[in-house]
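> Here is a sequence with its predicted model. Questions after.
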Amino acid sequence: MSKHHHPQQSFPTGFFHSPFHPAKALKNAHLQTLFASVHRRKPLSIKRERETILLSDGDHLFLDFHYPNQEKNNSPLVLVIHGLSGSSDSHYVIGLQKSLAIQGIPSVAMNCRGSIQANHAVRAYHAGASDDVRDVFSYLTEHQVRPVIIVGYSLGGSMTLKTLSELGKHPRLLAGVAVSTPLELAPCANRLDAGVSIIYRQHLLNGLHELWQKKYQHFLAQHDTVALQRLDNALQHAPFKSFWQFDDLLMAPLHGFANVDDYYQRCRPNQFLGNIQVPTLVIHALDDPFMSVDVIPAEHTLSPFIHFELAKHGGHVGFIGGSLQQPEYYLEKRIPEFIQTIIDIDKPH
């Protein structure tokens, strides 16, 4: 793996082998992926302040802010974006917000539109929904003075990388992090049609179906015949049997894409990596059951601001070290560590 330094920053860029080691009993990719959602359900909670913000199309979403008791003055605000079927209550979101708070770093978790309750627009969120992230970014930069770091998990990682490429060298954008991101959408849809991964596919599709049914009920109560007609056209094909089908018959038509190929082509994150102009950490496991190795980009396509950390193990948003009795959540150590490095680089000398 090669390493090169960019003159504008003192953190190494290019591809790197991750120092992450899985807990002995959790070496298996599926255990890495599933362990935390079962094991951490209860102990995680955090005191947050919720704000509703308006988006540029008149719709809304919810932000959950957490300010640590011992807040550092020079600290950035970290915007955290969940994955598909997640929310600000996902264990990895709360886990990160807690570990940032220990370092005195304030954070805000974004609930993508429609994730916790039916939103007003027919559309929801998708891999390319950087318009919503940019709206949130604008809101944050207007209402407070701190620079912003954007952290996205899984589908939230797709939204993050696209946003970073669009914001470029924005004076208030400090850095980015993307974890377990479906860097190529078509191979990921194929991977979820194969072997044990079908279990994840069904779980996700069931959750999404439930979400869209709630949306349908919402428009029914509003007597919104136009929205109902559009949803009817999409939902008549349910229950969906694959992501190809779901994305072709529901996601694409309701989010302004011609079809599934158009959606996957226009939103695949790898194409945005070359345009990123702030320090960005990408963390990816080779055994991620949502992906295949062909999603990993060629090194020459990376912008000189990207530190691409490849782990042999880790599953999908897993990365659990330590032991079964005392699991250690690597991402909750690694991401704050990266953020601290960026704060140190950014300090006026």
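The structure has been received and is ready for your questions.
> now this protein, which segments are flagged as low pLDDT?
Applying pLDDT under 70 to the chain flags residues 1-10, 41-43, 349.
> Now do the domain split for it, please.
3-184+270-346, 195-267 (automatic domain parsing).
> Reformat the ones you listed as JSON lines; add mean neighbour count.
All C-beta spots, glycine's among them, are computed from the backbone N, C-alpha and C. JSON lines is the format used below for the domains of the chain (neighbours: other C-beta atoms under 10 Å):
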{"stretch": "domain 3-184+270-346", "mean neighbour count": "19"}
{"stretch": "domain 195-267", "mean neighbour count": "16"}
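> Can you give the distance from the helix or strand harbouring Pro336 to the centre of its chain?
For Pro336, the host element (DSSP states H and E) is helix 331-346. Averaging C-alpha positions (C-alpha atoms, centre = their mean, to the nearest Å) puts helix 331-346 18 Å from its chain's average.
> Same check on stretch 79-86?
Counting by C-alpha atoms, centre = their mean, stretch 79-86 is centred 5 Å from the centre of its parent chain.
> Just the terminal-to-terminal distance for that stretch.
Stretch 79-86 has an end-to-end distance of 15 Å (criterion: C-alpha to C-alpha, to the nearest Å).
> Name the residues that touch it?
By C-beta atoms under 8 Å, 6 or more residues apart in numbering, the list of residues contacting stretch 79-86 from outside reads 88, 90, 92-93, 96-97, 107-112, 115, 133, 136-137, 140, 148-157, 159-160, 180, 204, 207-208, 211, 317.
> So which of those belong to strands?
Counted as lying in strands by DSSP state E, out of the contacts of stretch 79-86, are Ser107, Val108, Ala109, Met110, Asn111, Val148, Ile149, Ile150, Val151, Gly152, Tyr153.
> With distance to Phe240 as added columns, please give those residues in TSV.
Formatted as TSV, the ones in strands among the contacts of stretch 79-86 follow (distance: C-beta to C-beta, whole Å):
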residue	distance to Phe240
Ser107	34
Val108	32
Ala109	28
Met110	26
Asn111	23
Val148	35
Ile149	35
Ile150	30
Val151	29
Gly152	24
Tyr153	23
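> which residues in the chain form helices?
Counting by DSSP state H, one finds helices in the chain at the ranges 29-39, 91-102, 130-143, 155-167, 185-191, 198-222, 225-235, 243-246, 252-254, 260-267, 331-346.
> Would you mind getting the angle between the third one and helix 260-267?
The reference is to helix 130-143. Helix 130-143 runs at 30 degrees relative to helix 260-267, counting by axes from the mean of the first three to the mean of the last three C-alpha atoms, to 10 degrees.
> elements contacting helix 130-143?
strand 49-54, strand 60-66, strand 77-81, strand 107-111, strand 148-153, helix 155-167 (3 or more C-beta pairs under 8 Å, 6 or more residues apart in numbering; DSSP states H and E).
> With distance to Pro348 as new columns, can these be given to me in CSV?
Listed next are the helices and strands packed on helix 130-143 as CSV, based on distance: least, C-beta to C-beta, whole Å:
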stretch, distance to Pro348
strand 49-54, 30
strand 60-66, 27
strand 77-81, 19
strand 107-111, 23
strand 148-153, 18
helix 155-167, 22
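> Of these, which is nearest Leu185?
helix 155-167 (7.8 Å; C-beta to C-beta).
> Only C-alpha atoms, please: export the closest one in PDB.
Provided in PDB are the C-alpha atoms of helix 155-167 (Å, rounded to 0.1, in the frame of the first residue of the first chain):
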ATOM      1  CA  LEU A 155     -25.800   4.900   2.800                       C
ATOM      2  CA  GLY A 156     -25.100   8.000   4.900                       C
ATOM      3  CA  GLY A 157     -21.500   7.600   3.800                       C
ATOM      4  CA  SER A 158     -22.600   7.800   0.100                       C
ATOM      5  CA  MET A 159     -24.500  11.000   0.900                       C
ATOM      6  CA  THR A 160     -21.400  12.300   2.700                       C
ATOM      7  CA  LEU A 161     -18.900  11.700  -0.100                       C
ATOM      8  CA  LYS A 162     -21.100  13.300  -2.700                       C
ATOM      9  CA  THR A 163     -21.700  16.300  -0.400                       C
ATOM     10  CA  LEU A 164     -17.900  16.700   0.300                       C
ATOM     11  CA  SER A 165     -17.200  16.700  -3.500                       C
ATOM     12  CA  GLU A 166     -19.900  19.400  -4.000                       C
ATOM     13  CA  LEU A 167     -18.800  21.600  -1.100                       C
END
